[in-house]
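Student: build me a model:
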Amino acid sequence: MIKTVFQLKNEYSTYKNVLCKISHEEKQGNIIRLKRGLYETDKTIDPILLSNHIVSPSYVSFETALSYYGLIPEKVYTITGASFNKQKTKTFKNYFGTFVYNDIPKNVYSDSILLDTSKEYGFLIASKEKAILDMLYKAKTVRSTKEIEALLFDDLRIDEIDFSKLDFTLIRTIGNKYYDKNISLFLQYLKEEV
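Tutor: Numbering: from 1, shown residues only. You can find the predicted model right below:
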């Protein structure tokens, strides 16, 4: 269970030195620090469930979402999330792994985010379509639709059969809001190939 330092202070309020008690519980492994002021009590929890709590607002996206949906063959060990107005990439390392957050444009942040409730905690994750758009947004700029195709199917190794089942109307609707060269080329690629 995720607990804030304020919840722990309340829980340990009968102790003479509450901060020493929190430190002791952390050293004993009864609570695990996620970041300053935020702790988890379950060592076995799936790290993907913690992502939205470490940086808020955020949702799981990029490589992590693509792997979660089985669109790419690789298992991903860094949990990647999308945020906005953070001005730079934020990275947190803790017992559960590495969590990286990349900014996306604020005007597309809330589009096509899903609440996954299939595990102990609900967590926010980009739809398949949004995860691809976020991935292209953060990728190094390419110059042609051929390079977009190579990025999708050679570099990222997105499964072409799964790709063909995506909601291209949704991709076009959201994609037009990014105002990004890679995504413009991607939309052009869809017109030519899909």
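
Student: distance of residue 148 relative to residue 157?
Tutor: Computed as C-beta to C-beta, to the nearest Å, the residue 148 to residue 157 distance reads 14 Å. For the C-beta atoms, the positions are set from N, CA and C on the backbone; glycine is no exception.

Student: nope, residue 131 is what I was after
Tutor: From residue 131 to residue 157 the distance is 14 Å (C-beta to C-beta).

Student: which of residue 148 and residue 157 has more residues huddled nearby?
Tutor: residue 148 (23 against 13; other C-beta atoms under 10 Å).

Student: which pLDDT value goes with the more buried one?
Tutor: For residue 148, the model assigns a pLDDT of 96.

Student: who are the packing partners of the longest helix that the chain contains?
Tutor: In the chain, taking DSSP state H as the definition, the longest helix is helix 181-193. When contacts are defined as 3 or more C-beta pairs under 8 Å, 6 or more residues apart in numbering; DSSP states H and E, helix 181-193 sits against helix 128-138, helix 145-150, helix 168-175.

Student: show residues contacting it.
Tutor: 133, 136-137, 139, 141-145, 147-149, 151-152, 168, 171-172, 175-176 (C-beta atoms under 8 Å, 6 or more residues apart in numbering).

Student: try 6 Å
Tutor: Under the contact criterion C-beta atoms under 6 Å, 6 or more residues apart in numbering, helix 181-193 has outside partners 136, 139, 141, 142, 145, 148, 168, 175.

Student: go on, stretch 85-93?
Tutor: 35, 54, 99, 100, 101, 102, 103.

Student: which residues in this structure form helices?
Tutor: 5-11, 18-28, 51-54, 62-68, 106-109, 128-138, 145-150, 160-164, 168-175, 181-193.

Student: walk me through the domains of the protein.
Tutor: 2-40, 47-193 (automatic domain parsing).

Student: mean neighbour count, those domains: which tops it?
Tutor: domain 47-193 (a mean of 17; mean count of other C-beta atoms under 10 Å).

Student: run the chain-centre distance for it.
Tutor: Taking C-alpha atoms, centre = their mean, to the nearest Å, one finds domain 47-193 lying 8 Å from the centre of the chain it belongs to.

Student: start to end distance for it?
Tutor: 37 Å (C-alpha to C-alpha, to the nearest Å).

Student: measure residue 31 to residue 10 for me?
Tutor: For residue 31, the distance to residue 10 - C-beta to C-beta - is 14 Å.

Student: ok so, going back, Serialize the contacts of stretch 85-93 to TSV and add fields for distance to residue 46 and pLDDT.
Tutor: As requested, those are exported to TSV (distance: C-beta to C-beta, whole Å; pLDDT from 0 to 100):
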residue	distance to residue 46	pLDDT
35	18	96
54	14	96
99	13	98
100	17	97
101	18	97
102	21	96
103	25	95
